[in-house]
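In: here is my input, please return the structure:
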Amino acid sequence: MCLGSAQEQINSSLTIILEIVADLARLVADLNARWKVVCDMLYRLGDAVTVLVELVYFVMYEKLEPVVDLSTALIDKYCTSYAGLEIKLSCVQLKRARLDELNATFIMDICSNISKYISVLTEQCRGASEAGPDTGTRDQFKLAIKSVTCAAGGLIASIKAYKNDRSPRHHTRVVTFCEPVLAASCALVSLATEEEFVGEGRELTPEEKDVQKAVFGPCMNLVSGCVQLCKSLRDFTYDTGNSHYTHKVRSCHSCVLKSSNHLKHELQKRFKMDFQVKGLSPLKGENFIKNGDSSDSPRELIPFGRRSPIPSRVEDDGKDGGEGPHDQSPSSTLAPSDITTTTLTASDITTSSVVSR
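Out: As a prediction, the model looks like this:
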């Protein structure tokens, strides 16, 4: 990716975030009737925020001298952690979904996502299994990789069995086999991201720290505003008569808008970026976040081409205000604590001042 492309995607992601947040603020009074639309928008908001943080980091560290000695790095820490998180999210989706939500499209997307990120995770760790510092470490990586692939194979076999026979017995198998996949993948990620495998970074200079603080400050304020917006919508769902949450939603909208303007100002000031691109509204029937088949477009904002795993309900999406049999009410979706899960990747990236490019 070049800096020009990064600028266009930062511009697009900021526009998308602002429009989604504004639409969510307008929809808060009709939240229960349009729950599926809101859930999908929250998922896309998480993706857009994640991409924004990734791109801001890219622009920032592209201007610096190399901050990590790549000659000593066997594993890409970010890619490995991201793959582990995607596997975890897919397993949580499977465990939380009801029987009637596990339609063919949903099952296929989950299987594809698990297979894809298991491959990413094992490929990242393969180098350490072949070039580890000692025989014991190499053997441990090989066994951990084998454990993950075997556990994932058992889960996918259970999913295929459930697809052929949608009985509670096979559904229980699917839920049961999620646990070893979660345990094995978390263990492998923990092993792979130890300091000796991901390279050793250098300290930033005082000038670089000033630039980092000036740029990442408003960026993470924007992330915080989006997280608080998600929490406020979640709380409002279970207490719709409380006007406190509608006020919080409006406050979050204002915070995101101010942080976006501040971030644009800092990027213009320090990196000579110009922001003119207009975004598309997610409520006007336009595909405002394209899928992985349009990688040449500057509006490709989904990290690693990930698709929303929220089950489709083409029969009735609840936008007419009805609570029909196919309406996706709050009780039929993820638990409240999972609504903001997709924003975790954005905050996780900022735990260190050193990022591998």
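In: relative to Ser251, how far out is Arg234?
Out: 16 Å (C-beta to C-beta, to the nearest Å). C-betas here are computed from N, CA, C, even on glycine.
In: more neighbours, those two?
Out: Taking other C-beta atoms under 10 Å, Arg234 and Ser251 do not tie; Arg234 has more neighbours (20 against 15).
In: mind giving me the packing neighbours of whichever strand or helix holds that one?
Out: Assigned by DSSP states H and E, Arg234 falls within helix 206-237. Identification of packing neighbours for helix 206-237 by 3 or more C-beta pairs under 8 Å, 6 or more residues apart in numbering; DSSP states H and E yields helix 3-27, helix 35-62, helix 243-271, helix 344-349.
In: wait, which of those helices is closest to Asn103?
Out: When the helices and strands packed on helix 206-237 are compared by C-beta to C-beta, helix 35-62 sits nearest Asn103, at 13.5 Å.
In: before we move on, the earlier item: buried set for the helix holding Arg234?
Out: Buried residues in helix 206-237, counted by 16 or more other C-beta atoms under 10 Å: 208, 211-212, 214-216, 218-234, 236-237.
In: please apply the same query to stretch 96-109.
Out: For stretch 96-109, by 16+ other C-beta under 10 Å, it's 97, 101-103, 106-107, 109.
In: give the rounded mean pLDDT of it.
Out: Average pLDDT, stretch 96-109: 84.
In: send the alpha carbons of it over as CSV?
Out: Below are the C-alpha coordinates for stretch 96-109, written out as CSV (Å, rounded to 0.1, in the frame of the first residue of the first chain):
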residue,chain,number,x,y,z
ARG,A,96,-24.4,-18.0,21.0
ALA,A,97,-26.5,-18.6,17.9
ARG,A,98,-29.9,-20.2,18.3
LEU,A,99,-30.9,-23.3,16.3
ASP,A,100,-33.1,-21.3,13.9
GLU,A,101,-30.3,-18.8,13.3
LEU,A,102,-27.9,-21.4,12.0
ASN,A,103,-29.0,-21.1,8.3
ALA,A,104,-26.9,-22.5,5.5
THR,A,105,-25.3,-19.1,4.6
PHE,A,106,-24.3,-18.4,8.2
ILE,A,107,-22.8,-21.9,8.6
MET,A,108,-20.8,-21.5,5.4
ASP,A,109,-19.5,-18.1,6.3
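In: now find how far off-centre that stretch is within its chain.
Out: The chain centre lies 20 Å from the centre of stretch 96-109; the measure is C-alpha atoms, centre = their mean, to the nearest Å.
In: next one: the nearest residue to Lys163 once chain neighbours are set aside from Glu101, what distance?
Out: Here the nearest residue to Lys163 in space, its sequence neighbours aside, is Ile107; by C-beta to C-beta, 6 or more residues apart in numbering that works out to 5.6 Å. For Ile107, the distance to Glu101 (C-beta to C-beta) stands at 10 Å.
In: what's near enough to touch the residue nearest to Lys163?
Out: 159, 162-163 (C-beta atoms under 8 Å, 6 or more residues apart in numbering).
In: next, give phi and psi for it.
Out: phi -60, psi -40 (degrees, to the nearest 10).
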